[in-house]
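Engineer: Predicted model and sequence below, questions to follow.
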Amino acid sequence: MAYYYNDVSRTFNEYLLIPNLTRKDCIPSNVSLKTPVVKFKKGEKPSLELNIPFVSAIMQSVSDDNLAIALARCGGMSFIYSSQAIGSQVEMIKKVKRFKAGFVASDANLTPEHTLKDVVEMKERTGHSTIAITEDGSPSTRLMGIVTSRDYRISRDSLDKKVKEFMTPFSKLIVGNEGITLSEANNIVWEHKLNCLPIIDKDQNLVYFVFRKDYDDHKKNPNELLDSEKRLVVGAGINTRDYKERVPELIKAGADILCVDSSDGYSEWQREAIEYIKQEHPEAKVGGGNVVDKEGFAYLVEAGADFVKVGIGGGSICITREQKGIGRGQATAIMEVAKARDEYYEQTGIYIPICSDGGIVHDYHTVVAMAMGADFIMMGRYFARFDESPAKKVKLGSNYVKEYWGEGSNRARNWQRYDLGEGTKLSFEEGVDSYVPYAGKLQDNLEVTLSKIKSTMCSCGSITIEELQRTARISLVSSTSIIEGGAHDVILKENNY
């Protein structure tokens, strides 16, 4: 006989937070949003934490190297999507690790035999005014010189003029040696009044640039999420099909953590994948999911998951519930899994972080999710809106939008990641191809969201996520009270300014 759940499947929108006493120390500047990502024993510090409780979804339209760099610089982390060839995913991971928080890998390079015309075209194509001149024009070979806008005049110099005739040669460059710290590099930049400092290895091969303009930018990112080598932290999605080939390459590239990408993680395939990774690569950190109940949570924890991702069908582009009739309201799912997590912690002394994936519509929903027990939040639509996401920005009517499609859509499945073996492929979609309103730069929007979160936590009498989880008071709301909570019974002014 089928088992029937008596509780209603509820969403975040059906709850409000009841204010607790706001102490004098409950001010936004005192709020810490640090949160664990991987399991740890009671009394110990987790080996990986986030500085803000956000990770970006494992999606083609969301998480590439550009967004991963931008989010890590703000204190969060991206899981670069796995629905691509192993080599291209590996290269994205390497780009994030090479960024090195202030050390910039050169992507504008020419040889001494190129011409001024090539310089102009390179500048127009990349937007960079500093061009590295290397032995063969690749970004990591012997540095021969650099070209900046001060080295030529379009009005006077012939476009056929060879780069070697007007570049600043290596002999006249001030350079830093590989292994130099960012602080030491910046001191050289300021001492010699440089706009950029090339960093070279012992064989004079170009490694990085440090730019004067990035000094202030670095100061604006005090929450940067860095590894032990001061490189940006990045995660990688994996699947349950080619993990034996993919995982070693991702680890070699520097991925800090892995996550199995599946809409339904309560499966023998996922358990086998996690157990294999833990056995063959014991140093690797890997999250599992997605699940929506205590049974799914326990199954993945037994397999060795370092965190568990919760949510089926709650994403804005996900139609799994419509197509297959499976899933659960995100709030109900988080509450049950969090209860199971806490019971497991009491029994074993091991804390398993849980990630809430899906169901976020308003910024305050992230606080509700954490109050219910989530340690960090995975979002797709939120990040897809920004300049840094890989999707195209297009004009739709009088407004700009960005393309956004689900991993279960036909567009994503063109990569064939849904091959079920023996020639069997899914014949229906579990995601849609859509647009989201364009919102500008990630950092600008994220600062507003984090400001709201900190303010809400202060009203709840909490200055840490752990305190919020312990002391939050949450109330169900009626449909009419939701209406009451917004602007009503007034005539709104049009924003013409």
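Structural biologist: Great, that's in hand.
Engineer: Now do the helices in the stretch 201-350 of the chain.
Structural biologist: 213-219, 243-253, 268-280, 294-303, 320-324, 330-348 (DSSP state H, counting those that start in this stretch).
Engineer: Please render the ones you listed as JSON lines that adds distance to Ile377, mean pLDDT and mean neighbour count to the earlier fields.
Structural biologist: C-beta here means a position set from N, CA and C on the backbone, and glycine is covered the same way. As requested, those are exported to JSON lines (distance: least, Cβ to Cβ, whole Å; pLDDT from 0 to 100; neighbours: other Cβ atoms under 10 Å):
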{"stretch": "helix 213-219", "distance to Ile377": "26", "mean pLDDT": "66", "mean neighbour count": "13"}
{"stretch": "helix 243-253", "distance to Ile377": "23", "mean pLDDT": "97", "mean neighbour count": "17"}
{"stretch": "helix 268-280", "distance to Ile377": "21", "mean pLDDT": "97", "mean neighbour count": "17"}
{"stretch": "helix 294-303", "distance to Ile377": "17", "mean pLDDT": "98", "mean neighbour count": "20"}
{"stretch": "helix 320-324", "distance to Ile377": "19", "mean pLDDT": "78", "mean neighbour count": "16"}
{"stretch": "helix 330-348", "distance to Ile377": "10", "mean pLDDT": "98", "mean neighbour count": "20"}
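Engineer: Turn those helices into CSV, including distance to Asp7.
Structural biologist: Putting the helices of the stretch 201-350 of the chain into CSV (distance: least, Cβ to Cβ, whole Å) gives the following:
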stretch, distance to Asp7
helix 213-219, 48
helix 243-253, 35
helix 268-280, 26
helix 294-303, 13
helix 320-324, 17
helix 330-348, 6
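Engineer: care to break this structure down by domain?
Structural biologist: For the chain, automatic domain parsing gives the domain ranges 12-101+223-484, 109-219.
Engineer: Ranked by average pLDDT, which of those falls at the bottom?
Structural biologist: Lowest mean pLDDT of the domains of the chain: domain 109-219, a mean of 88.
Engineer: about what we covered before: just so I know, which of the helices of the stretch 201-350 of the chain lies nearest Gln443?
Structural biologist: helix 213-219 (9.8 Å; Cβ to Cβ).
Engineer: picking up where we left off before, comparing the domains of the chain, which comes out most buried?
Structural biologist: Neighbour counts (mean count of other Cβ atoms under 10 Å) averaged over each of the domains of the chain peak at domain 12-101+223-484, with a mean of 19.
Engineer: how about the strands of the stretch 301-450 of the chain, start to end?
Structural biologist: For the stretch 301-450 of the chain, applying DSSP state E, counting those that start in this stretch gives strands covering 307-310, 350-351, 354-357, 376-379, 393-396, 399-405, 433-437.
Engineer: Output the contacting helices and strands for the longest one.
Structural biologist: When you say that, I think you mean strand 399-405. Judged by 3 or more Cβ pairs under 8 Å, 6 or more residues apart in numbering; DSSP states H and E, strand 399-405 is in contact with helix 381-384, strand 393-396, strand 433-437.
Engineer: Note down every partner strand of the last one and its orientation.
Structural biologist: In other words, strand 433-437. Here strand 433-437 has these sheet partners by DSSP bridges: strand 399-405 (antiparallel).
Engineer: which residues sit against the strand it pairs with?
Structural biologist: The list of residues contacting strand 399-405 from outside it, by Cβ atoms under 8 Å, 6 or more residues apart in numbering, reads 60-62, 317, 380-381, 384-386, 389, 391-395, 411-412, 431-438.
Engineer: quick revisit: so for Asn13, which of the helices of the stretch 201-350 of the chain sits nearest?
Structural biologist: Using Cβ to Cβ, the helices of the stretch 201-350 of the chain put helix 330-348 closest to Asn13, at 8.4 Å.
Engineer: so how far is Phe54 from Thr449?
Structural biologist: Separation of Thr449 from Phe54 (Cβ to Cβ, to the nearest Å): 8 Å.
Engineer: which neighbours do the two share?
Structural biologist: Shared contacts of Thr449 and Phe54, counting by Cβ under 8 Å, 6+ apart, come down to Thr366.
Engineer: residues touching Val90, list them.
Structural biologist: Taking Cβ under 8 Å, 6+ apart, one finds Glu249, Leu250, Lys252, Ala253 in contact with Val90.
Engineer: Can you tell me which of those lies closest to Ala70?
Structural biologist: Ala70 lies nearest to Ala253 out of those, by Cβ to Cβ, at 19.2 Å.
Engineer: Verify the stated contact: that closest one with Arg98.
Structural biologist: No: contact criterion Cβ atoms under 8 Å: Ala253 and Arg98 do not qualify, at 10.2 Å.
Engineer: In TSV: the strands of the stretch 301-450 of the chain, plus distance to Leu197.
Structural biologist: Below are those laid out as TSV (distance: least, Cβ to Cβ, whole Å):
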stretch	distance to Leu197
strand 307-310	39
strand 350-351	43
strand 354-357	39
strand 376-379	36
strand 393-396	33
strand 399-405	35
strand 433-437	39
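Engineer: so which of these gets nearest Glu113?
Structural biologist: Closest approach to Glu113 among the strands of the stretch 301-450 of the chain (Cβ to Cβ): strand 393-396, 36.7 Å.
Engineer: Output the contacting helices and strands for that closest one.
Structural biologist: Using 3+ Cβ pairs under 8 Å, 6+ apart: strand 393-396 touches strand 399-405.
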